[in-house]
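**Q** what shape does this take:
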Amino acid sequence: MRYQVEPITVPGQRTGAAEFREYILDPVSVAPKRLRPAVVVCPGGGYAFCSDREAEPVVMQFLSMGYHCFCLYYSVAPENHFPVSVWEAAKAVATVREHSEEWLVDPEQIYICGFSAGGHLACSLGMFWNRKFVWEPLGLAAGQVRPDGMILGYPVISSGPFAHRGSFECLLRTEGQKMTVEEYFRKYVGPLAGLRDGSDVAAAAGKAHHPEAGVSKTPGAAGAVRAADLTEAPDQGGCTGLTAVRLGCTEDESRGTMEEFVSLELRVTKDSPRAFLWHTYTDGSVPVENSLFLASALRRCGVNVEMHIFPQGGHGLSLANEETSVPQSAQLVPAVQAWIPLVHTWIDGWKQTP
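**A** Residues are numbered from 1 along each chain as shown. I've put the predicted structure just below:
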């Protein structure tokens, strides 16, 4: 196995580059050209930290199934907010797809996996991969950042009555939750969308970027966009910067609140990737309704979904075994460990026939 760590740099990072740990299995002599599925893991942590319990222990499970695996330690609050972590996830998936031939990755079997708030991040990429605000600032095409499937464990999904409020406060800032999408994008997203990594925010305010789909040739960080290349005049209201509609939001979305915009059961379309969901009925932090709402929305849009609801178990179970639990704690739930072979069967069921 080859292990390497790569920085993921995107505009707006306030605490340095995200860390992308890559665990790439060596080919075996009986099938030296076999392409393997790949899984990008996003740990949970309420958008305030990345939990080690939902990181490398999970990676090891996927490696044992014969999949390449990657772990994204994304940027979190209080310094970093939406959409910085979504850009990081998008670039992580694009990195795996870019190296698919070299790493013997099946380019049509790149999954994103997340737990709790990491599930919200993984699902955000699944819902927003074809929105301009995700791929355009990275100098990438939508198809490069699209995950082929989502694996979501007790995910934060809804910002409604069953929301995990702390996650949304960290994701959007307290004041950002009640802003309209237009206000938030003008203030926080538009200026960043025209930045080269490491540039000053003020240098790009009032700039816009409208490239054709493709990969930026800008030197430095992969897919970076130079602020000097962007031009945009002030609008009639005297405001400058990239607006929500210009960045791929609908007019109706732009008038709604950001809290509603990132309620992901409302963003499902026929283009959302297939999903594997699991949750526990007794989760007291992120209620099971989060998964139920998402599954229902996927069903309505004709997107294939497999869902498992286990009758017992609290929040943050991860593998629910000794590796990720305090001895004799509530995080050790043998019945929940079944999600591991179940997701193995689910992934293998989508493998292309050789």
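**Q** tell me where the stretch 151-300 of the chain has strands.
**A** Using DSSP state E, counting those that start in this stretch, the strands assigned to the stretch 151-300 of the chain run over residues 274-280.
**Q** tell me where the model's unsure across it.
**A** Along the stretch 151-300 of the chain, segments meeting pLDDT under 70 span 194-241.
**Q** what about the longest helix in the protein?
**A** Longest helix in the chain by number of residues (criterion: DSSP state H): helix 84-98.
**Q** so how far is that helix from its chain's centroid?
**A** A distance of 8 Å separates the centroid of the chain from that of helix 84-98, by Cα atoms, centre = their mean, to the nearest Å.
**Q** stretch 45-62 too?
**A** 14 Å.
**Q** from Glu251, how far out is Gly316?
**A** Gly316 sits 39 Å away from Glu251, going by Cβ to Cβ, to the nearest Å. Bear in mind the C-beta positions are built from the backbone N, C-alpha and C, glycine included.
**Q** so for these two, which residue has more residues nearby?
**A** Using other Cβ atoms under 10 Å as the criterion, Gly316 and Glu251 rank with Gly316 on top: 22 against 9.
**Q** quick one: which helix or strand includes the more buried one?
**A** Counting by DSSP states H and E, no helix or strand carries Gly316.
**Q** how close does the residue nearest to Ser318 when sequence neighbours are not counted get to Gly126?
**A** Spatial nearest neighbour of Ser318, chain neighbours left out: Thr324 (3.9 Å); criterion: Cβ to Cβ, 6 or more residues apart in numbering. Noted for Thr324: a distance of 24 Å to Gly126, by Cβ to Cβ.
**Q** neighbour count: those two, which is higher?
**A** A direct count of neighbours by other Cβ under 10 Å for Thr324 and Gly126 places Gly126 higher, at 28 against 19.
**Q** list the contacts for the more buried one?
**A** If you count contacts by Cβ atoms under 8 Å, 6 or more residues apart in numbering, Gly126 has them with 112, 147, 150, 272-273, 275.
**Q** hmm, which two among the residues you listed are most spread apart?
**A** Greatest spatial distance among the contacts of Gly126 (Cβ to Cβ): Ile112 and Ser272, at 12.0 Å.
**Q** looking at these two, which one has more neighbours?
**A** Neighbour totals were compared for Ile112 and Ser272, and Ile112 leads with 33 against 25 (other Cβ under 10 Å).
**Q** which residue, other than its chain neighbours, is closest to the residue nearest the centre of the chain?
**A** In the chain, the residue lying closest to the centroid (Cα atoms, centre = their mean) is Ala122, at 3.0 Å. Excluding the flanking residues, the one nearest Ala122 by Cβ to Cβ, 6+ apart is Gly114, at 3.2 Å.
**Q** neighbouring strands of the longest strand belonging to the chain in the sheet, and parallel or not?
**A** When the chain is parsed with DSSP state E, its longest strand is strand 105-115. Using DSSP bridges, the strands paired with strand 105-115 in its sheet are strand 36-42 (parallel), strand 149-153 (parallel).
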